[in-house]
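Student: Give me a 3D structure for the following:
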Amino acid sequence: MASVHIGLKSINHHTMTELQYPIGKYHFATAFDNQTIADKIETIAAFPAAMKALADKASAEQIDTPYRPEGWTVRQVINHCADSHLNAYARFKRVLTEDVPTINPYDQNKWAETDDGKYGDIEVSLSLIEALHNRWTRFMRSIDESAFENQYKHPEHPGTPQLIFMLGMYAWHCEHHLAHVKLVVK
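Tutor: Here you go, the predicted model:
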């Protein structure tokens, strides 16, 4: 079993950061082209099957094991991805249909502590993620590259980032949480 049952006293800050960000923090590339866009969309498209494959390999104990001390359980990670990607889909639609919309932030940690986040059936979230990613990637593939230059406002980010920033961030988000689950399920 690959669960992370490490005593808090034996973990240094460096190790804790590696557990929290196993693929590193998100860094936005300033240049993008059609291939970059296609690659990011493909990462998002592949996410549901990759997460389902990991979840199918997990034992009941692993599903309720945190990926790091004081971190979310695999169940919370999967349920968080459903929540987060629902928000992402709505954000993408708003950026493409409104003039520089303001994106609403939410407290992901509080969402992860709600009953459905903490104890919800992962099969429901996996099904939701599969259907949602089908719609989301179809939508993203249908828009012109120039649409990724559309801007939005986010109260927690300076300026008016372009949609390409959000695309890159959510592609990273998929890989980030797959890496978390892989820390527990090998």
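Student: shouldn't Pro101 be in contact with Asn150?
Tutor: No. Assessed by Cβ atoms under 8 Å, Pro101 is found out of contact with Asn150, at 9.3 Å. Every C-beta, even on glycine, is put in place using the N, C-alpha and C of the backbone.
Student: Just want to know which of those two has more residues nearby.
Tutor: Using other Cβ atoms under 10 Å as the criterion, Pro101 and Asn150 rank with Asn150 on top: 21 against 17.
Student: Phi first, then psi, for that one.
Tutor: The phi/psi pair for Asn150 (degrees, to the nearest 10) reads phi -60, psi 150.
Student: got a list of what it touches?
Tutor: Asn150 is in contact with Val95, Leu96, Val100, Gln162, Leu163, counting by Cβ atoms under 8 Å, 6 or more residues apart in numbering.
Student: Apply 10 Å and report the result again.
Tutor: Contact analysis of Asn150 by Cβ atoms under 10 Å, 6 or more residues apart in numbering lists 92, 94-101, 143, 160, 162-164, 166.
Student: what does Gln162 give?
Tutor: Contacts for Gln162 were tallied using Cβ under 10 Å, 6+ apart; they are Phe28, Phe32, Val95, Ala147, Phe148, Glu149, Asn150, Gln151, Tyr152, Gly168.
Student: Give me the below-cutoff pLDDT ranges for the chain.
Tutor: 1-14 (pLDDT under 70).
Student: ranges for the strands of it?
Tutor: Taking DSSP state E to define them, one finds no strands in the chain.
Student: The residue found closest to Lys57 once you drop the neighbours it is linked to in the chain: how many residues sit nearby?
Tutor: Distances taken as Cβ to Cβ, 6 or more residues apart in numbering place Val185 nearest to Lys57, at 5.4 Å, with adjacent residues excluded. Neighbour count of Val185, defined by other Cβ under 10 Å: 21.
Student: hmm, back to that, and the contacts of Gln162, which are buried?
Tutor: Phe32, Val95, Ala147, Phe148, Asn150, Tyr152, Gly168 (16 or more other Cβ atoms under 10 Å).
Student: Among these, which pair sits farthest apart?
Tutor: Spatially, the most separated pair among these is Phe32 and Tyr152, at 16.2 Å (Cβ to Cβ).
Student: Tell me where the chain has helices.
Tutor: 13-20, 34-57, 60-63, 74-97, 108-112, 115-119, 122-142, 163-184 (DSSP state H).
Student: export those helices to TSV and tack on distance to Glu156?
Tutor: Formatted as TSV, these follow (distance: least, Cβ to Cβ, whole Å):
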stretch	distance to Glu156
helix 13-20	18
helix 34-57	21
helix 60-63	31
helix 74-97	13
helix 108-112	12
helix 115-119	21
helix 122-142	22
helix 163-184	12
